[in-house]
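> build me a model from this:
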Amino acid sequence: MATDIGTLEKRYFDACKRQGISPNKTIVAALFKAKIKKARREISSFIITMDGLKDVDFCPLLDLLKEVDASEIDAVDMINRSECVLSAEYVSPLLHAVSKKLRVVDICDISLGKDFLLDLAQQGLSCQVLNLKSSHFRKLGMVGKFMHMHTLNLDFSASLTTFREDCFSCMPNLRSLSLCETKITNMWTTSAALAKLPLLDELRFQNCIHCSDSNSPTVLSGNEGQCSGRIALGIHMDLPSPGDEVFPHLELNMDDEDMNDYDIGQDVRSQNEDSSDNSEVDFSGHDHEFGLTELLSEIPLAWVELADLQNEISSGTLDMQDEYPFCTESVNLTTPTPTATKKYISRHPSLICYEKNYREYMIASLPNLKLLDNLPIGKIDREIANDIFTRHFERLPYNRLDKESLVTILQKREIRANLSSRKKFSTLSRKSQHFYSRSLSAAKMGSCAWPELHPLPMRGSVVRDERRNFRPRQFEYHPSDSSLMVFGTLDGEVVVMNHESENIVSYIPSLGAMNSVLGLCWLKKYPSKLIAGSDNGSLRLYDIQHMPTTSRGVYSSCGSVNFDEFDQLTSVHVNSSDELFVASGYSKNVALYDISSGRRLQVFADMHRAHINVVKFANHSPSLFATSSFDRDVKMWDIRQKPTQPCYTASSTRGNVMVCFSPDDHYLLVSAVDNEVKQLLAVDGRLHMDFGIASTGSSQNYTRSYYMSGRDYVISGSCDEHVVRICCANTGRRLKDVSLQGKGAGASMFVQSLRGDPFRDFNMSVLAAYVRPSSNSEILKINLVASSEHDKSHSHKQKSHSITGMGG
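Numbering: from 1, shown residues only. As a prediction, the model looks like this:
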């Protein structure tokens, strides 16, 4: 027989008497209200307000909660909305004391500390509703058992940027998830994480408020707000309502201008608490004295059409554009056809909402979703979203539609080989030689939503066993040795590293002559030689076979060649025959050098109207080279014609940062400021592909793009963004975005340079810089066909934002 509430009350008084303390008034009041509701034959909810609890209240309350599951109480709600006086180590046992009847847990973690937050994420809870509004997660890893939870609210978690790969793995009943005003941006990892929630049908990254003709805003929802007998947590919850007078804390009205119930910038850290020791939470108050509302304060809350749901930031405006209207006339989730567009306000958007085609991507990726950002998803809405997804995105490389297992692909390859040996001209044998390797890559990538990121060590023994920290500024893969990479530093050093074993192969000190190394290029026919150029104009050829670092620190200059200087150099490149190289810099000129003689042959003057940032020879034609300039022009030149006039000129709308040839020389890949990336026909400069990457509005957002191994995919990154984009060079469709995330507050990583690995499909390296000027850049190796779970030890620390548009 269930214990009646009066008996529970008496036992609580007895426990307090044994402890020699007075009963807590808020607990007594909560028991009394539960008893009254039981007498009225209403749902008897025991609502505990933890704000009023002290440490002395812990033991009697814990004993009381342990008896709740066998009592007449129907539900327990535990609320904490301000700084908790109760010690953090007491909160977790109280939350776990109730297993069957724990309904709502509504807490703010600012006063509870990161240990409590991590324990909660890893241990789980038996509650149905969890409200962690304004939590301090940076990388969400809720891997504990939340078997009964159907609603999770993480609104205003201003530190939250991404999800762990195993997040949401134990939430089989989660139906409603709210993530308004977070720093989540990556649609690929986000959709992969959410796809693990089989019952998820309501998702929110922003609050879309419907506006009637009378300009009176109302929140769109599947049941038009709060229906009888339900509680509105901002998203729909199947909870009986205990009445507003006793349950005010969970009425999360997203329309309120005052979005924070407390100061999330409040410094509650102890002297020993450092956010950098665990990248999953962030309690560094100094970097989060404002939420995303303040970060996006220049974005006006303007009326927008429901037809305009292709979210992107354009000139400081929340510009939601789409090619199709969405169904909004009725809140009926089964509305069969889209209706006339309605006006709405977008409130408290997360950063992901500004990604191009965000809404269509999420709808196409989550087929069970019924409500996104308070806007219902009808049948035609989903058809439109799938169509837009197909035109703008690739689910798998090489436009593979379905995921295949590696075993299946290998079996097919074996069958093909057997048939080919029996029948010389078999149809199967005429398949592309890359067919199965591409299928294998697609299968691997399909199972790796979180690619592996691994930093190369920028510290090594170079002289007399001295451990030196390197500050890389430029790098290049070796063209024929898959294990080698060279990087130049801000201190003028040139370091050759085996990036597989992570050992330094050769080291050249600056010798007092080199400043920042901006230009590096290997010779192809002489694989031990390379050209290095610095921003002070110094140009040298080195032979790494003559670059030992002895135990006495004696550097041998044998095998090095000095060339005439090129002032303010930004780029060097060797032609395909290893006979010549060109140099450009902060001028309108290009210099041509003869490698064998060490002489400068000619300076081509005034080739552009502004400085030439990058010059590149063709990969197979030794006389052709291309120049990119901040005058917005890209030009093709032929040294056989004594380049006084270009072969042709192609123009961008902004200053050009980069140009490079495709591996087969069929195309030019041109990168202009702020994500203007285009592919041109190398033969005449005609536009072949505009990749349509959204701009940020920054004139300092220098963009660099390169081909991956082969010419099928390109990678692009910019110095004001922490993402590398991978696009199909044949269709322009986006395959994936890779977010670069450092460790600790303000530690996002930004792209300074990048290169595709010429020997490994879907591998690349990125020179990433940090926001903090005191920290060094890193070279990150990124493997898109291996999971980040294979390298969980990887973490980052700070960032220097001293990035310029110089060099490639």
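
> in the helix or strand where Trp637 lies, what counts as buried?
Using DSSP states H and E, Trp637 sits in strand 633-638. For strand 633-638, the neighbour count (16 or more other C-beta atoms under 10 Å) marks 633-637 as buried. For glycine as for every other residue, the C-beta is placed from the backbone atoms N, C-alpha and C.

> again, but for stretch 769-779
So stretch 769-779, judged by 16+ other C-beta under 10 Å, has buried residues 769-772, 775-779.

> which one of the buried residues of strand 633-638 is nearest to Gly537?
Ranked by distance to Gly537 (C-beta to C-beta), these are led by Trp637 at 22.0 Å.

> how deep is the nearest residue to the closest one once chain neighbours are set aside tucked in, by neighbour count?
Excluding the flanking residues, the one nearest Trp637 by C-beta to C-beta, 6 or more residues apart in numbering is Pro643, at 4.1 Å. For Pro643, the count of nearby residues is 20 (other C-beta atoms under 10 Å).

> Pro367 too?
Around Pro367 there are 10 residues (other C-beta under 10 Å).

> on that earlier part again, can I get the buried residues of strand 633-638 in TSV with distance to Ser191 and pLDDT?
Conversion of those to TSV gives the following (distance: C-beta to C-beta, whole Å; pLDDT from 0 to 100):
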residue	distance to Ser191	pLDDT
Asp633	39	98
Val634	36	98
Lys635	42	98
Met636	41	97
Trp637	45	97
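
> from those, which is closest to Val590?
Nearest to Val590 among those: Trp637, at 8.0 Å, using C-beta to C-beta.

> got a list of what that closest one touches?
604, 607, 624-627, 643, 646-647 (C-beta atoms under 8 Å, 6 or more residues apart in numbering).

> which members of those residues are positioned in helices?
Within those, no residue falls in helices by DSSP state H.

> name the strands paired with the strand holding Trp637 and say parallel or antiparallel.
strand 624-629 (antiparallel), strand 648-651 (antiparallel) (DSSP bridges).

> need the winner for burial among those strands.
Of those, the one with the most neighbours on average (mean count of other C-beta atoms under 10 Å) is strand 624-629, at a mean of 26.

> picking up where we left off before, among the buried residues of stretch 769-779, which are in strands?
Those of the buried residues of stretch 769-779 mapping onto strands are 769-770, 778-779, per DSSP state E.

> low-scoring stretches of the stretch 601-750 of the chain, by residue?
The stretch 601-750 of the chain contains residues with pLDDT under 70 at 742-747.

> so can I have JSON lines of the ones in strands among the buried residues of stretch 769-779 showing pLDDT and distance to Asp757?
Converted to JSON lines, those look like this (pLDDT from 0 to 100; distance: C-beta to C-beta, whole Å):
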{"residue": "Ala769", "pLDDT": "89", "distance to Asp757": "21"}
{"residue": "Tyr770", "pLDDT": "84", "distance to Asp757": "23"}
{"residue": "Glu778", "pLDDT": "92", "distance to Asp757": "17"}
{"residue": "Ile779", "pLDDT": "95", "distance to Asp757": "12"}
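
> once you drop chain neighbours, what's closest to Glu355?
In space, Glu355 is closest to Met187, 5.7 Å off (C-beta to C-beta, 6+ apart).

> quick one, what contacts Glu165?
Residues in contact with Glu165 (C-beta under 8 Å, 6+ apart) are 193, 449-450, 787-789.

> quick one on the thing from earlier: and which of the buried residues of strand 633-638 is nearest Gly488?
Val634 (25.1 Å).

> okay if I get the strands paired with strand 633-638 as CSV plus distance to Asp387?
Formatted as CSV, the strands paired with strand 633-638 follow (distance: least, C-beta to C-beta, whole Å):
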stretch, distance to Asp387
strand 624-629, 36
strand 648-651, 32
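
> three-state assignment of the nearest residue to Phe32 once chain neighbours are set aside?
Nearest non-adjacent residue to Phe32, counting by C-beta to C-beta, 6+ apart: Glu9, 7.9 Å away. Here Glu9 is helix, with the state taken from DSSP: H, G, I helix; E, B strand; the rest coil.

> burial of Pro93, as a residue count?
The burial count for Pro93: 13, using other C-beta under 10 Å.

> strands along the stretch 401-550 of the chain, start to end?
Listed in chain order, the strands of the stretch 401-550 of the chain (DSSP state E, counting those that start in this stretch) span 451-455, 459-461, 467-469, 472-477, 484-489, 494-498, 503-508, 517-522, 529-534, 539-543.

> the ones you listed: lowest mean pLDDT?
Lowest mean pLDDT of the strands of the stretch 401-550 of the chain: strand 459-461, a mean of 71.

> tabulate the strands of the stretch 401-550 of the chain (a markdown table), appending mean neighbour count.
Putting the strands of the stretch 401-550 of the chain into a markdown table (neighbours: other C-beta atoms under 10 Å) gives the following:
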| stretch | mean neighbour count |
| --- | --- |
| strand 451-455 | 20 |
| strand 459-461 | 14 |
| strand 467-469 | 12 |
| strand 472-477 | 24 |
| strand 484-489 | 25 |
| strand 494-498 | 22 |
| strand 503-508 | 19 |
| strand 517-522 | 26 |
| strand 529-534 | 25 |
| strand 539-543 | 20 |
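
> using a markdown table, lay out those strands together with distance to Ala29.
A markdown table is the format used below for the strands of the stretch 401-550 of the chain (distance: least, C-beta to C-beta, whole Å):
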| stretch | distance to Ala29 |
| --- | --- |
| strand 451-455 | 52 |
| strand 459-461 | 61 |
| strand 467-469 | 61 |
| strand 472-477 | 63 |
| strand 484-489 | 67 |
| strand 494-498 | 67 |
| strand 503-508 | 68 |
| strand 517-522 | 70 |
| strand 529-534 | 74 |
| strand 539-543 | 80 |
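
> how about these, which one is nearest Leu396?
In terms of C-beta to C-beta, the element of those nearest to Leu396 is strand 451-455, at 14.0 Å.

> return the backbone torsion pair for the closest residue to Ser44 other than its chain neighbours.
Computed as C-beta to C-beta, 6+ apart, the closest residue to Ser44 that is not its neighbour in sequence is Lys38, at 4.1 Å. For Lys38, the backbone dihedrals (degrees, to the nearest 10) come out as phi -60, psi -40.

> go ahead and confirm Lys38 touches Glu72.
Yes - under the criterion of C-beta atoms under 8 Å, Lys38 makes contact with Glu72 at 5.8 Å.

> joint contacts of those two?
Residues touching both Lys38 and Glu72 (C-beta under 8 Å, 6+ apart): 5, 44.

> what about Cys180, which SS state?
Cys180 ends up coil, using three-state DSSP.

> for the stretch 101-250 of the chain, which spans come out with low pLDDT?
In the stretch 101-250 of the chain (pLDDT under 70), the answer is 109-111, 211-250.

> all helices for it, in order.
Using DSSP state H, counting those that start in this stretch, the helices of the stretch 101-250 of the chain run over 113-123, 187-194.

> tell me which other helices or strands the last one touches.
I take that to be helix 187-194. strand 162-163, helix 358-365, strand 734-739 (3 or more C-beta pairs under 8 Å, 6 or more residues apart in numbering; DSSP states H and E).

> out of the contacts of Glu165, which are inside helices?
Checking the contacts of Glu165 against DSSP H, those in helices are Ala193.

> give me the buried entries from the contacts of Glu165.
Buried members of these, scored by 16+ other C-beta under 10 Å, are 193, 449-450, 787-788.
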